[in-house]
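Asker: Fold the following, please.
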Amino acid sequence: MVKRSSAPWTITDGRAGNVRQAVALASALRLGTHRPLVLQPRAPWRWLSPRRLPGDVRGYGEALATLAAEPPPLAIGCGRQAAGALRVLRARGSKVVQILDPRIAARHWDLLVVPEHDALRGSNVLTLLGSLNPVDDDWLSLGRAAFADFHALPGPRTALLVGGPTPLAPWDEAGMVRVFQALAEQLRSEGGSLLATTSRRTPPALAETLRAIFADLPHVIWGDGGDGVNPYAGLLGWAQRVVVSPDSVNLLSEACATRLPVAVALADTAQGRLARFQQQLRERGRLQPRWLDWQCATIEPLRETTRVAAEVKARLGLG
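Answerer: Numbering: from 1, shown residues only. Next up is the predicted model:
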């Protein structure tokens, strides 16, 4: 049995979405402060992970090679590169938990955590609706405290979370501009303010258009760079409703983890697993049935991280 004091390591490729899920699970386990490791894979492991090749203890960078010399009791990884690195650690005695489908047989990890909208199943596979994230009442309260000045913005405060087009949600900029215009018109008609964030995937011209459209309305708009500290927790903490672009399971999961009504912009552009995820949320009554027609009935937040963490602890005999 792993002692409670044995804090987990998080193993990722450094991508924000992967880091966020690994850290969310590590934190929810409450086994101590996690220790992060960002992989630096080289060829051919960069291409072939999670398949194992001779010499792979050094195939993911010197930091992993050093860790493998004294493998931790528990390592949590997210993403394809992490899946290969976890196999290295498991071969040396670590218990390993892989987040997201590694695209090969599940038997190579102690546990896997995958979204329900993926097909992977097995005796060591845990499923959840959406993605792992830190959003709960305490997280939102801390966000409100950290950005207390947002309270001065007039209500209703609408959070707008904008990602970028992807193969599974190939929305175009013209369509998103129409979303911005419709939301701005609603605010002009009914009052209120905008709390918006864009991402690295948001087309730069679209981010500038967003600022222009809401220039005459009360707003906070944060872009990825140049706008100071990311107020994301404050945006969700102070918002009274949320609009999300259709391209990110993480963004939509976090929006639905609040107690706020949530609408998906350009929902019809979602395909495959993104479309299946939206349909699951609709079946739970978690998405607004009509675009910008806000229904504020009692809302049950989507919070899977605590449940998954409890199952991980039980399965692995942790703490």
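
Asker: how long is stretch 46-56 from one end to the other?
Answerer: Taking Cα to Cα, to the nearest Å, stretch 46-56 runs 11 Å from one end to the other.

Asker: now it: how far from the chain's centre is it?
Answerer: Here stretch 46-56 is found 26 Å from its chain centre; the criterion is Cα atoms, centre = their mean, to the nearest Å.

Asker: Go through that stretch and flag the buried ones.
Answerer: Within stretch 46-56, the residues that count as buried by 16 or more other Cβ atoms under 10 Å are R46, S49, P50, R51, D56. Where you see a C-beta, it was placed from the backbone N, CA and C, and this is true even at glycine.

Asker: Least confident of these?
Answerer: Among the buried residues of stretch 46-56, R46 has the lowest pLDDT, at 91.

Asker: isn't that residue right next to Q81, touching?
Answerer: Yes - the pair R46 / Q81 is scored as a contact, 7.3 Å apart, by Cβ atoms under 8 Å.

Asker: Quick one: the helices in the stretch 201-319 of the chain, in order.
Answerer: Assigned helices in the stretch 201-319 of the chain, in chain order: 204-213, 232-238, 249-256, 272-283, 305-316 (criterion: DSSP state H, counting those that start in this stretch).

Asker: Now tabulate the ones you listed in TSV and tack on mean pLDDT and mean neighbour count.
Answerer: Below are the helices of the stretch 201-319 of the chain laid out as TSV (pLDDT from 0 to 100; neighbours: other Cβ atoms under 10 Å):
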stretch	mean pLDDT	mean neighbour count
helix 204-213	96	15
helix 232-238	97	23
helix 249-256	96	25
helix 272-283	94	16
helix 305-316	97	16
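
Asker: For H108, which of the ones you listed is the nearest?
Answerer: With Cβ to Cβ as the measure, helix 305-316 is the member of those nearest H108 (15.8 Å).

Asker: how about the buried residues of stretch 46-56 in CSV, adding secondary structure and distance to P204?
Answerer: Listed next are those as CSV, based on DSSP: H, G, I helix; E, B strand; the rest coil; distance: Cβ to Cβ, whole Å:
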residue, secondary structure, distance to P204
R46, helix, 28
S49, coil, 31
P50, coil, 34
R51, coil, 37
D56, helix, 38
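
Asker: who does the closest residue to I221 other than its chain neighbours bridge with?
Answerer: Excluding its sequence neighbours, the residue lying closest to I221 (Cβ to Cβ, 6 or more residues apart in numbering) is A196, at 4.6 Å. Per DSSP bridges, the residues bridged to A196 are L160, I221.

Asker: quick one: contacts for A196?
Answerer: If you count contacts by Cβ atoms under 8 Å, 6 or more residues apart in numbering, A196 has them with A159, L160, L161, V162, L210, F214, H219, V220, I221, W222, L235.
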